[in-house]
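In: Attaching a predicted model along with its sequence, questions to come.
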Amino acid sequence: MHKIMMSLARFMAVLGGIALSALILLTCISIAGRLLNGFFHKDFMQGLLPEFSNWMIEIGVGPVNGDFELVESGVAFAIFAFIPLCQITAGHASVDIFTSTLSARVNRFLRMVTETVFAAVLILIAVKLYDGMASKMRYGETSFLLQFPTWWAYAASLFGAVVSAIVGVYVAAVRIYEFSTGRIVIVDGMEADA
Amino acid sequence: MSALEIGIASFPALMVLIFLRVPIGLAMFVVGLVGLVIVTDGTNVAFSRLKNETYTTFSSYSLSIVPMFLLMGHFATLGGMSSALFKAAEGFLGHRKGGVAMASIGACAGFGAICGSSLATAATMGRVALPELRQYGYAGGFSTATLAAGGTLGILIPPSVVLVIYAILTEQNIAKLFLAAFIPGLLAALGYVIAISIYVRLYPDSAGTRPPVPYGERFSALLRVWPVLLVFGLVVGGIYLGWFTPTEGAAVGAAGTGLIAFLNGGLTFSTLIESFYVTARSTAMVFFIVLGAGFYNGFLALTQVPQELSNFVVSQGLSPWMVLSLILVFYLLFGCLMDSLSMILLTIPIFFPVISVLDFGMSAEHVAIWFGILVLIVVEVGLITPPVGMNLFIINAMDRKTPMVETYKAVLFFVGSDLVRVVILVMFPAITLFLLPN
Amino acid sequence: QEVTLKLHQFLPAQANVPKLILDVWADKIEADSDGRIKIDRYPSMQLGGRPPELMDQAVDGVADIVWTVVGYTPGRFPGTEVFELPFMMTNARAASRAYWEMFEKHWKDTDFQDVHILGAWVHGPGMFHTKDPVATPDDLRGMKIRGGSRSINSLLSELGATPVGMPVPAIPEGLSKGVIDGTTIPWEVTPALKVPELVTNHTEFTGNALYVLTFVLAMNKDKYESLPDDLKKVIDDNSGLEFSIFAGGTQEDSDGPARQIAADMGNNIITLDAEQTAVWKDASQPIYEEWVADMDSKGIDGQALIDEAKTLIEQYTD
Ligand code: NA
Ligand code: NA
């Protein structure tokens, strides 16, 4: 079970990483296009190679239309896709200065309660995101420049949110099991990485 | 209970949860949610906000800079930039008394110029420099403390994730904040070097010696840091020179470091996947805190706590400098227990309105930028103040033989240097504002 | 007091719209209700979320009253876009009056049925602020311009410029860094964004303005219905047509001093006469056709809306 959940979380992280990399490339292409577009409009290029310059402009050498909103919807998906791995590897920032003085059993209890609440919150987030998506769909909202339906971006994020909720429930189940049996299944990771 | 009282009561509730080891983002989220339910007398407002707020928080164009900077820092390590920096600094400084420690600080400063995160800088440079420090006979606690302090340069020297968050919270210009952070960041590195030289004079046994490296080797090591200079020049330089926005700069930096790492063999399929895992964990951690803080702050605003606090402070008739000092001391004290990002997200919406109505004899924008840099420094001190200092934990975990107490003792020298710097920057705002246009 | 209303919006408290319109409106309501209504004001999205969420916040009751740009949620209120079409508006009072009347007739019980609208208005004439002078549509070729509305972005593409999407607060940075060569905004907001320092050319039109955005002040429907009749009356008396004209007019009145700042700095203010403006109008014809086709696909008679808006605006323009 743990293997399946870990693979699922890693798979999502890779998907998010690919999305993030794609956005990075998209942004670089857009910058290059913008700089080149300005360059071909420069007086000296217009004097030197007017036809070539105008041809480059005509075929669309310029910033990627709507790069801004693609980054926004893409990064939202990436972050939702990143949550499962953070969840299953106990990657959230927390303060253990006080709890380190408490017994292991008390700690297991606290962790069980915390992760159960966390799972409930992740479920709530996914359910409400679904409501948000439904409302975007109903109102027919679109993005500003590309005018793709806003609910598409919500749907992509919802996919990550649902997996996060599934992994969150699994982690909560593990912590309940650990508390009742005293056997540790998931070792705590480092506290924080940023 | 009135809304205001509920708002005030939420502070101790939040603190209790955090000290029960509830993840900080979750604690803020839950307190915000429960608080909203109580104040608005039902779940409607809280649940309605959730329909859009998770998506819109995560889909912020300005915040997309965060995962990009995190990925960039990881690629930089894969590309060998961290070890190249350390080798170059060590070549020039290593043979002096305490020189390898000073070189570690220099390398941290260099890595800070291409990495937006303190913990990543501490972890990366720790892996590179800690074995060498120990090899040359540097005491355990002194070595770990040096690297923990050096790690804070990751945030103090731009680019800086915490400054991005501050800029967004206070609606300030990210590029100007980066520019303003530059001199204070260099002062920080200088201060740490001075702290090291004082330390090795007081405890001569804490540092070994190492023979000088021939000049030819020194310069060839120096040449190998060109990718760092290139990336820093392109990213930070490009942002100032007007080639691109900060988010675009982060994308260029990530692509650039990725390319360099690929060309020198550091970036393979398996290390790329590993970078995704590391970036995923840190990004999710940061954004869950951002989400929780946004939810909590929305609830606080509704209870009017920030407004009332601001009115209260103003009605006390304290001098602006007194108020500023109190706020900075508050950060230093809380920094012993909390992490920097959460503190910024939690407190800036409360303190910034207070500061912005006070008259420091400067333009509103200058006050905002100067205050941002001061806050950045005091919250970063929190990363190395005992007992809870994330950098201390990270570095200490890499050297199991050194007791935490040894690290705690040695780090006080660096904390001292931080405090001196804060006082200087408070007294002379011009140091921070010097590089800004007009 | 009996009722406390939360007024949420995205600008800082000291900006023109909160200071000169929303505060004036809210103070008047507080006074007229003898203090039985209290309006708590939350500027700068303090209650959470981002500006495009404001409309949903009013629908769901997260806030009781919101002020928002209708175009922040493209596609949701298609009809009102008629006022954003290029060279539609003449001045803000006339256009706001036409907008409110068409709102009551067409959109009150359809697009806006989930909220109670208190006012509907437009800002003063939108125009170009550019680094290089713009007098003819050809001058725009190759420029990177931040467009203020969906249809302006279409127009920019049509004329060979590159539309760049960025939020209003990002304009100064975009201009100073060369990410954009110019922007479309009304005079009113130029001082706050330091636009006169960042560009040297401003292009105004005669007769009809390049574009405007449409605003609404929206109230949660249940909250409004829950008010006792006498308090409803206080709200009603301060809302609607008169308030909309006041709001639009107030925004337009802020244009003059802002224009003076640019003039005092010695900037080049190009005022195109009616004949020159006509060239631009002709050039924007494809945008009208595009919009009518888009509305057709949504089952809306776009041409009828255009004709009606034009007639009303003309009628109210003195
Ligand atoms: Na940095
Ligand atoms: Na600390």
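Out: Ah, there it is. Please read all numbers here as calculations on a predicted model, not as lab measurements. Ligands and ions are numbered 1, 2, ... in the order given.

In: Near residue 120, how many other residues are there?
Out: I'll assume chain A. 15 (other C-beta atoms under 10 Å in any protein chain shown). Every residue, glycine included, has its C-beta placed from N, CA and C.

In: You answered for a different chain; I wanted chain C.
Out: 30.

In: wait, it sits on C:Phe103?
Out: Yes: the criterion here is C-beta atoms under 8 Å, and C:Ala120 meets it with C:Phe103 at 4.7 Å.

In: Centre of the chain to the helix or strand containing A:Leu110, how far?
Out: Using DSSP states H and E, A:Leu110 falls within helix A:104-139. Here helix A:104-139 is found 16 Å from its chain centre; the criterion is C-alpha atoms, centre = their mean, to the nearest Å.

In: Which elements pack onto that helix?
Out: Here helix A:104-139 touches helix A:67-88, helix A:150-181, helix B:24-39, helix B:44-58, going by 3 or more C-beta pairs under 8 Å, 6 or more residues apart in numbering or on different chains; DSSP states H and E.

In: residues of it that come out buried?
Out: A:107-108, A:110-112, A:114-119, A:121-133, A:135-136, A:139 (16 or more other C-beta atoms under 10 Å in any protein chain shown).

In: Stretch A:87-107 now?
Out: A:Gln87, A:Ile88, A:Thr89, A:Ala90, A:Gly91, A:His92, A:Ala93, A:Ser94, A:Val95, A:Asp96, A:Thr99, A:Asn107.

In: Then stretch A:149-159?
Out: A:Thr150, A:Trp151, A:Ala153, A:Tyr154, A:Ala155, A:Ala156, A:Ser157, A:Leu158.

In: What average pLDDT does it get?
Out: Mean per-residue pLDDT for stretch A:149-159: 97.

In: Give me the contact list for it.
Out: In this structure, residues lying in contact with stretch A:149-159 by C-beta atoms under 8 Å, 6 or more residues apart in numbering or on different chains are A:72-73, A:76-77, A:80-81, A:126, A:129-130, A:132-134, A:136-137, A:140-143, B:54-55, B:58-59, C:75.

In: same thing with stretch C:146-155?
Out: Residues from elsewhere that reach stretch C:146-155, judged by C-beta under 8 Å, 6+ apart: A:144-145, A:147, C:71, C:74, C:81, C:84-86, C:126, C:156, C:163-166, C:171, C:174, C:180, C:182-185, C:210-211, C:213, C:283-284, C:287, C:290-291.

In: So is stretch B:245-252 next to ligand 1?
Out: No: Stretch B:245-252 does not reach ligand 1 (C-beta under 5 Å from the ion); its nearest approach is 11.5 Å.

In: shaky segments in the chain?
Out: Let's take chain A. Residue ranges of chain A with pLDDT under 70: A:43, A:58-60, A:188-194.

In: that's the wrong chain, I meant chain C
Out: For chain C, the ranges with pLDDT under 70 are C:1.

In: if we go to 50?
Out: By pLDDT under 50, chain C has no low-scoring segment.

In: Any residues of it in contact with chain A? List them.
Out: Residues of chain C lying close to chain A by C-beta under 8 Å from any C-beta of the partner chain are C:56, C:73-76, C:141-142, C:144, C:150, C:153, C:162-166, C:178-179, C:298.

In: Can you tell me which of these end up in helices?
Out: C:Asp56, C:Arg150, C:Asn153 (DSSP state H).

In: so where's chain B uncertain?
Out: In chain B (pLDDT under 50), no residue qualifies.

In: and if we set it to 70?
Out: B:337-339, B:438.

In: which residues touch residue 137?
Out: By default, I'm working from chain A. When contacts are counted by C-beta under 8 Å, 6+ apart, A:Met137 touches A:Pro149, A:Trp151.

In: not quite, I wanted chain C
Out: Here C:Pro137 is in contact with C:Leu159, C:Val279, C:Trp280, C:Ala283 (C-beta under 8 Å, 6+ apart).

In: Is there a neighbour count for B:Asp359? I'd like the number.
Out: Quick note: B:Asp359 (other C-beta under 10 Å) scores 8 neighbours.

In: how about the nearest residue to it, chain neighbours excluded?
Out: In space, and not counting its chain neighbours, B:Asp359 is closest to B:Pro320: 6.0 Å by C-beta to C-beta, 6 or more residues apart in numbering or on different chains.

In: ditto for B:Gln307
Out: B:Pro353 (7.5 Å).

In: Hmm, that neighbour is touching B:Glu308, no?
Out: No: using C-beta under 8 Å, B:Pro353 makes no contact with B:Glu308, being 10.9 Å away.

In: Looking at the two, which one has more neighbours?
Out: B:Pro353 (18 against 13).

In: Under a three-state scheme, what state does the more buried one occupy?
Out: What DSSP: H, G, I helix; E, B strand; the rest coil gives for B:Pro353 is helix.

In: hey, which helix is longest across the chain?
Out: I'll assume chain A. helix A:2-41.

In: um, chain B though
Out: Chain B, longest helix under DSSP H: helix B:269-303.

In: Residue of chain B closest to chain C, please.
Out: B:Gly298 (2.9 Å; C-beta to the nearest C-beta).

In: Run the angle between the longest helix of chain A and helix B:269-303 for me.
Out: Orientation note: helix A:2-41 sits at an angle of 90 degrees relative to helix B:269-303 (axes from the mean of the first three to the mean of the last three C-alpha atoms, to 10 degrees).

In: Kindly tell me how buried C:Ser297 is, as a neighbour count.
Out: C:Ser297: 10 neighbours (other C-beta under 10 Å).

In: Please report how far it lies from C:Asp237.
Out: C:Ser297 sits 41 Å away from C:Asp237, going by C-beta to C-beta, to the nearest Å.

In: ditto for A:Phe98
Out: 58 Å.

In: Please give the element, helix or strand, for the residue nearest to the spatial centre of chain B.
Out: Closest residue to the average C-alpha location of chain B: B:Ile155 at 3.5 Å, with C-alpha atoms, centre = their mean. Under the criterion of DSSP H and E, B:Ile155 resides in helix B:140-156.

In: tell me how far that helix is from the chain's mean position?
Out: Worked out by C-alpha atoms, centre = their mean, helix B:140-156 lies 12 Å from the chain centre.

In: what does stretch A:146-162 give?
Out: Here the centre of stretch A:146-162 is set off from its chain's centre by 12 Å, with C-alpha atoms, centre = their mean.

In: related to what we said a few turns ago, among the contacts of C:Pro137, which one has the most neighbours?
Out: When neighbours are counted by other C-beta under 10 Å, C:Trp280 leads these with 22 neighbours.

In: Just list the residues touching the residue of chain A found nearest chain B, thanks.
Out: Nearest residue of chain A to chain B (C-beta to the nearest C-beta) works out as A:Gly17 at 2.9 Å. By C-beta under 8 Å, 6+ apart, the contact list for A:Gly17 reads A:Ala78, B:Leu71, B:Leu272, B:Ile273, B:Ser275, B:Phe276, B:Thr279, B:Ala280.

In: Tell me the one of these nearest ligand 2?
Out: Nearest to ligand 2 among the contacts of A:Gly17 is B:Thr279, at 24.9 Å by C-beta to the ion.

In: roughly how far apart are the one residue in the stretch 1-150 of chain B that gets nearest to ligand 1 and B:Leu153?
Out: With C-beta to the ion, the shortest gap between the stretch 1-150 of chain B and ligand 1 falls at B:Gly112, namely 4.1 Å. B:Gly112 sits 4 Å away from B:Leu153 when distances are taken as C-beta to C-beta.
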